[in-house]
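Sequence plus the predicted model coming up.
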Amino acid sequence: MPGGRLTQQDRRQIAQGLADGLAYAEIARRLDRPTSTITREVMRNGGPTAYRADLAHRATERRARRRGQAPSRTPEAPPRADGRDTASQRHREAVRECEEMLTTVFSESGLPTMMSRILGALYTTDAGSLTASELVQRLQVSPASISKAIAFLESQDLVRRERDGRRRERYFVDDELFFQSIIASARSNDRLVRTARQSAAVLGPGTPAAARLENIARFLDLVTESLLRAAEQAREVLHTNTVPAPGDAPEPEPADRT
């Protein structure tokens, strides 16, 4: 029934739709469900490449049993790692949906599923950081999976790690990391430009292959230059227009009494 819980047959249709390369919106339309329901179901159970209907159904049943056995939460329950209000079920669900939408966007941009899930979790925390144990608990995966994914994200300048006061490693995301990621992408383009021009020289001036490679080099030169200029300008604007925290506003200058 539309709006009810997904059945095992629903999950088999989702798995078949993924195998057929259908978008989440099309799978949702065929099942008469919200797209967010399909997105949440897939990302919660391994992502589009690892989703298995029977495994997803059993995992959902286990989660339902654990919820039934868990003691009810009181308003005094400790805050979550994302700093959000634990007393509001609707708010928790909204935050969770935002996290899953971000995860889907990261995944569709080419990042592997686990890396996308970690970024989705980090970007929806108020602090912009989580420890390895918090990620393990939040994503319900092994510490080894977190460690491997973090190493990849660090290599792409998408997260950074620091030690907190308790000597635990924390993983951070912020706007500076996006700037660094663009710089890393520009360096990669620069290597491709040099290689293309070296190859063009070997292939011989005037040949179609050399002309093709020279055009690629010129194109990337122009794009990279524009990208770096835009990144620098955006960074300067964001840092200049940062809103001061309460109490940090400059004191008014005394009036001129002359």
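It's in. Everything numeric in this text was worked out from a predicted model, so none of it was measured. Numbers count the residues shown, from 1 in each chain.

only C-alpha atoms for contact and neighbour calcs from this point on.
Fine.

Next SSE downstream of the least confident helix or strand in the chain by mean pLDDT?
Ranking every helix and strand in the chain by mean pLDDT, DSSP states H and E puts helix 53-69 at the bottom, with a mean of 75. Under the assignment DSSP states H and E, the closest C-terminal helix or strand after helix 53-69 is helix 89-108.

Just the buried residues of the least confident helix or strand of the chain, please?
By neighbour count, and taking 16 or more other C-alpha atoms under 10 Å as the criterion, the buried residues in helix 53-69 are 53, 56-57, 60.

And for it, what's in contact with it?
Outside of helix 53-69, the residues within contact range by C-alpha atoms under 8 Å, 6 or more residues apart in numbering are 7-8, 11-12, 14-15, 45.

what are the ranges of the strands in the stretch 151-258 of the chain?
Counting by DSSP state E, counting those that start in this stretch, the segments of the stretch 151-258 of the chain that form strands are 160-163, 169-172.

For the first one, name the packing helices and strands.
When you say that, I think you mean strand 160-163. strand 169-172 (3 or more C-alpha pairs under 8 Å, 6 or more residues apart in numbering; DSSP states H and E).

which secondary structure elements does the strand it packs on contact?
Using 3+ C-alpha pairs under 8 Å, 6+ apart, the elements in contact with strand 169-172 are strand 129-131, helix 132-139, strand 160-163.

can you count the residues close to E99?
E99 sits with 22 neighbouring residues when counted by other C-alpha atoms under 10 Å.

Can you check what pLDDT the model gives E97?
pLDDT for E97: 81.

Give me the distance between it and T103.
10 Å (C-alpha to C-alpha, to the nearest Å).

between those two, which one's more packed in?
Neighbours per residue, other C-alpha under 10 Å: of E97 and T103, the larger number sits with T103, 28 against 16.

ok, that one touching P112?
No: contact status for T103 versus P112: not in contact, 10.0 Å apart, counting by C-alpha atoms under 8 Å.

got the buried residues for the longest helix anywhere in the chain?
For the chain, the longest helix by residue count, based on DSSP state H, is helix 208-240. Neighbour-count burial for helix 208-240 flags 210-211, 213-214, 217, 220-221, 224, 227-228, 231 (criterion: 16+ other C-alpha under 10 Å).

Return the backbone torsion pair for M115.
When read as degrees, to the nearest 10, the backbone of M115 gives phi -60, psi -40.

Could you check how many residues crowd around it?
Under the neighbour criterion other C-alpha under 10 Å, M115 is assigned a count of 21.

Contacts only, for it.
Counting by C-alpha under 8 Å, 6+ apart, M115 makes contact with 149-150, 152-153.

Walk me through the domains of the chain.
According to automatic domain parsing, the chain comprises the domains 8-60, 106-172, 175-240.

now for the ones you listed, which one comes closest to R90?
Nearest to R90 among those is domain 8-60 (14.7 Å), distances taken as C-alpha to C-alpha.

picking that back up, mind putting the strands of the stretch 151-258 of the chain into JSON lines with mean neighbour count and distance to P143?
Formatted as JSON lines, the strands of the stretch 151-258 of the chain follow (neighbours: other C-alpha atoms under 10 Å; distance: least, C-alpha to C-alpha, whole Å):
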{"stretch": "strand 160-163", "mean neighbour count": "14", "distance to P143": "16"}
{"stretch": "strand 169-172", "mean neighbour count": "18", "distance to P143": "13"}
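
Figure out which of these is closest to P205.
Closest of the strands of the stretch 151-258 of the chain to P205 is strand 160-163, at 44.5 Å (criterion: C-alpha to C-alpha).

And the contacts of that closest one?
When contacts are taken as C-alpha under 8 Å, 6+ apart, the neighbours of strand 160-163 outside the stretch itself are 154, 169-173, 177.
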